[in-house]
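**Student:** Following is a predicted model, sequence given first.
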There are 2 protein chains.
Amino acid sequence: MTDFTTTRRLFDIPQGLVYLDGNSLGPLPRAVPERVARTVTEQWGPHLIGGWNACGWMDQPRALGDRIGRLIGARPGHTVIGDTLSIKVFQALAAAVALNPGRNVILSDTGNFPTDLYMAEGLIKLLGPDYRLQLADPEALEDAITEETAVVLVTEVDYRTGRRHDMARLTATAHARGALAIWDLAHSAGAFPVDVTGGNADFAVGCTYKYLNAGPGAPAFISVAARHADHVEPALAGWLGHDAPFAFEQGYRPGEGVARMRVGTPPVLQMAALDAALDVWEGVDMTALRTRSLALADRFIAAVEAACPALTLATPRAHDQRGSQVSFRHPEGYAIMQALIARGVVGDFRAPDILRFGVTPLYIGEAEIDRAAEVLAEVMDGALWDQPEYRARKAVT
Amino acid sequence: MTDFTTTRRLFDIPQGLVYLDGNSLGPLPRAVPERVARTVTEQWGPHLIGGWNACGWMDQPRALGDRIGRLIGARPGHTVIGDTLSIKVFQALAAAVALNPGRNVILSDTGNFPTDLYMAEGLIKLLGPDYRLQLADPEALEDAITEETAVVLVTEVDYRTGRRHDMARLTATAHARGALAIWDLAHSAGAFPVDVTGGNADFAVGCTYKYLNAGPGAPAFISVAARHADHVEPALAGWLGHDAPFAFEQGYRPGEGVARMRVGTPPVLQMAALDAALDVWEGVDMTALRTRSLALADRFIAAVEAACPALTLATPRAHDQRGSQVSFRHPEGYAIMQALIARGVVGDFRAPDILRFGVTPLYIGEAEIDRAAEVLAEVMDGALWDQPEYRARKAVT
């Protein structure tokens, strides 16, 4: 049984702060500063170019990929890190479309995170006018899969509401209709047990700066199903995905399996942070994490619904239909969130009216949940959010 | 006048090491460890998600882009950092092809760095069979530009020989024949004065871990000519290149100017290192740097040619035809370089037979040049390279 008072001591969180925004940017794991510092002063400094071999930098994208793979149910050797999630979405889409010739529709849903849709738009411009992006409402996505669908691009957990798609079911429907399925695990990896192998996902992508706590701008990951790994033709055919990068051949030959999904030089300092952040997960039982995440979320929902009738729950109540966040709607959501943040309870706001609270049992317990509900009730009861300084929008929220 | 004994004190280079591989990975600037450490512990740690605003992370890709822009002669506001050089090559190529409809050839030369060619191959697979990649010998590149050429993709300095293309002339020819020109400045930025505005480059891309010393896996940059900046249709249409990323609109609308060349979340720790590394350049006169680089390179060429008749100079002798490296050929180049490295003189080897020495006046002076030539002569005179441990190839060199 995982002891979550132990995991919490692995994070450096400001005293008194209730941080419910780990689904946007995870807090600093205590092991990160030293790991990063040593990478700079004991690796780059003395080893210089030799660090690529001597310090294992060149192999880290696959080693780190496998560490993440264990958290998402991927087979060893089928996950690699690098780039950003947007780039990994593009890679997966281009690969899937090429694997499914004669079908010209990329299907997604209106609950997907915008960058996934934007990357699909950009890819389609390159592919030409035969291709199109089709968007369905989330609940109509399954029915929208047709014989025209090349690939379904799904973010498992809706970034606004926390609504969760059923990976195994949607993927089975996609496959039954001849389509492939790409799963964006941005709000899944580290949030609950994921099983991309059992769920039969063709590709899975995600970021590591949310529930995996690897820091601002941490690299993304991509996982390719074993049945595709040696057939994928990379569109972003970078030299580090080549079968022999240091042979400097003029023509591209893809590397073995998921190695071909590497592109350029990996970010060594960010990889050091990611590696240290992943240490936190050693010994964490993902089923226990899920049980606790749901209990804490239910506790928060109950407390807020009891005390704040003006807020409307946006997250599905059914456990199997949600991720690890709780969202409420209110027309003044932006100002309410600013007032909360000013009182040391940090969630975030998503347009047009969503107050979003990430539930992250590694460092959030009953005390923080109760405190957050209490402060939210104070803010709502006293209309404390109705101040010009809370209503004035900042460029980045 | 720049004092290069001062700049050298800004780097932390192992005692006694002669490091002539700054054209592969620059050494550690002394200001980097503290800057990175503070970004971790004083920014990410206490500010958490608020760091994107409070610590300026969100604006850094453009601010850092402008700092690099000054070193390559770009107009302010036209350069942005992010991703890897491979990705930036892809972005520039996709943008250039779209700006030049009706022309279907991407032209490059056999001296280009392989990843540039691979990324072109990958793009062409997406664009379809109407498009093709044409390669010319470097010296025949200009003549190969025809009315079919959509874009010429040129790496200014050959990574093996150090041979330098004439940016103004090649670009003028390209424009006269209706083609666009992309310049890869991997071995130019920080190596000598570059003038992408005067040279009329349509796009310029480069990395920051070589002569700019920003560390392993440091982000790349892209600069877009003012005449194109508001017309480019990004193929890698990421949310941070959107006009209003935090409005979370479903459709992509490109941001203003070069901002649209941003893709995903920027790597905050690597940006901290880059920012500190760029401080070294404050007050450096690029013309003085070039004068000194050429003098040191000539000194090295003269010493090696006098003492090592078995080595053949691969770098052009004419100053205006080379970058800031010196390369020699020898069939046993790999073993020779291993023997040199074992004796504290670090250059690198590039297949099939190139010994490559980067000349970086910020931290290399006459003493290092003389020592390198002396050790190279010892290795050649005594055939000291002819040992099994030097001849056995490692995976990464």
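**Tutor:** That came through fine.

**Student:** Grab the nearest non-local neighbour of the residue of the stretch 1-150 of chain A found nearest chain B.
**Tutor:** Across the stretch 1-150 of chain A, the shortest distance to chain B (C-beta to the nearest C-beta) belongs to A:T84, at 2.7 Å. C-beta coordinates here come from the backbone N, C-alpha and C atoms, glycine included. Among residues not flanking A:T84 along the chain, B:G264 sits closest, at 2.7 Å (C-beta to C-beta, 6 or more residues apart in numbering or on different chains).

**Student:** now A:N200
**Tutor:** That would be A:T171: by C-beta to C-beta, 6+ apart, it lies 4.8 Å from A:N200.

**Student:** Beyond the helix or strand in which that neighbour is found, next helix or strand please.
**Tutor:** Using DSSP states H and E, A:T171 sits in helix A:167-176. Sequence-wise, the next helix or strand downstream of helix A:167-176 (DSSP H and E) is strand A:180-184.

**Student:** Around chain B, pick out the residues from the stretch 151-300 of chain A.
**Tutor:** A:207, A:209, A:215-220, A:233-240, A:242, A:246-252, A:263-271, A:273 (C-beta under 8 Å from any C-beta of the partner chain).

**Student:** So which of those residues belong to strands?
**Tutor:** Among these, DSSP state E puts A:C207, A:A220 in strands.

**Student:** can you map out the strands along the stretch 251-397 of chain A?
**Tutor:** Under the criterion DSSP state E, counting those that start in this stretch, the stretch 251-397 of chain A contains strands at A:312-313, A:325-329, A:345-346, A:348-350, A:354-358.

**Student:** Could you list the residues in contact with the fourth one?
**Tutor:** Applying C-beta atoms under 8 Å, 6 or more residues apart in numbering or on different chains, the contact partners of strand A:348-350 are A:21, A:24, A:159-160, A:327, A:333-334, A:337-338, A:355-356, A:397, B:49, B:248.

**Student:** Please repeat the previous calculation with a cut-off of 6 Å.
**Tutor:** Strand A:348-350 is contacted by residues A:D21, A:S24, A:R160, A:G333, A:Y334, A:M337, A:R356, A:T397 when judged by C-beta atoms under 6 Å, 6 or more residues apart in numbering or on different chains.

**Student:** Ok, the first one next?
**Tutor:** The contact list for strand A:312-313 (C-beta under 6 Å, 6+ apart) reads A:F328, A:R329.

**Student:** Direction included, what does that strand pair against?
**Tutor:** If you go by DSSP bridges, strand A:312-313 pairs up with strand A:325-329 (antiparallel).

**Student:** and the strand it pairs with with strand A:354-358, angle?
**Tutor:** Angle of strand A:325-329 versus strand A:354-358, following axes from the mean of the first three to the mean of the last three C-alpha atoms, to 10 degrees, is 160 degrees.

**Student:** Show me which residues of strand A:325-329 are buried.
**Tutor:** Buried positions in strand A:325-329, judged by neighbour count with 16 or more other C-beta atoms under 10 Å in any protein chain shown: A:Q325, A:V326, A:S327, A:F328, A:R329.

**Student:** before we move on, what about stretch A:352-364?
**Tutor:** Neighbour counts over stretch A:352-364 (16+ other C-beta under 10 Å) mark A:D353, A:I354, A:L355, A:R356, A:F357, A:G358, A:V359, A:T360, A:P361, A:L362, A:Y363, A:I364 as buried.

**Student:** List the beta-bridge partners for the fourth one.
**Tutor:** So that's A:R356. Beta-bridge partners recorded for A:R356 (DSSP bridges): A:S327, A:D348.

**Student:** and the gap between it and B:L274?
**Tutor:** 32 Å (C-beta to C-beta, to the nearest Å).

**Student:** Could you count how many residues lie near A:D275?
**Tutor:** Neighbour count for A:D275, taken as other C-beta atoms under 10 Å in any protein chain shown: 19.

**Student:** ok, it to A:A31 distance?
**Tutor:** 9 Å.

**Student:** same thing with A:R391?
**Tutor:** Distance of A:R391 to A:A31, computed by C-beta to C-beta: 40 Å.

**Student:** For those two, indicate the residue with more neighbours.
**Tutor:** More neighbours surround A:A31 than the other of A:R391 and A:A31, with 18 against 14 (other C-beta under 10 Å).

**Student:** Quick check, the more buried one in contact with A:A276.
**Tutor:** Yes: A:A31 is within contact range of A:A276, at 4.2 Å (criterion: C-beta atoms under 6 Å).

**Student:** And the closest residue to chain B within the stretch 151-300 of chain A, what's its pLDDT?
**Tutor:** In the stretch 151-300 of chain A, the residue that lies nearest chain B is A:G264 (2.7 Å; C-beta to the nearest C-beta). As predicted, A:G264 sits at a pLDDT of 98.

**Student:** Would you mind listing the residues in contact with it?
**Tutor:** Counting by C-beta under 6 Å, 6+ apart, A:G264 touches A:G238, B:T84, B:L85, B:S86.

**Student:** change it to 7 Å
**Tutor:** Residues near A:G264 by C-beta atoms under 7 Å, 6 or more residues apart in numbering or on different chains: A:G238, A:L240, B:T84, B:L85, B:S86, B:I87, B:T115.

**Student:** residue contacts, A:L135?
**Tutor:** Counted by C-beta under 7 Å, 6+ apart, A:L135 has contacts A:S108, A:D109, A:T110.

**Student:** one more time with 10 Å, if that's ok
**Tutor:** A:106-112, A:117, A:120, A:141, A:144, B:250-251 (C-beta atoms under 10 Å, 6 or more residues apart in numbering or on different chains).

**Student:** Tabulate the residues you listed in CSV, adding columns for secondary structure.
**Tutor:** Converted to CSV, those look like this (DSSP: H, G, I helix; E, B strand; the rest coil):
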residue, secondary structure
A:I106, strand
A:L107, strand
A:S108, strand
A:D109, strand
A:T110, coil
A:G111, coil
A:N112, coil
A:L117, helix
A:A120, helix
A:L141, helix
A:A144, helix
B:Q250, coil
B:G251, coil
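
**Student:** Which one of these is nearest to B:D381?
**Tutor:** A:A120 (61.8 Å; C-beta to C-beta).

**Student:** wait, the closest one sits on A:L133?
**Tutor:** Yes: the criterion here is C-beta atoms under 10 Å, and A:A120 meets it with A:L133 at 4.9 Å.

**Student:** Between those two, which has more neighbouring residues?
**Tutor:** Under the neighbour definition other C-beta under 10 Å, A:A120 and A:L133 were set side by side, and A:A120 has more, 28 against 18.

**Student:** Show the model's pLDDT score for that one.
**Tutor:** Reported pLDDT for A:A120: 98.

**Student:** Equivalent analysis for A:A392, please.
**Tutor:** For A:A392, the model assigns a pLDDT of 88.
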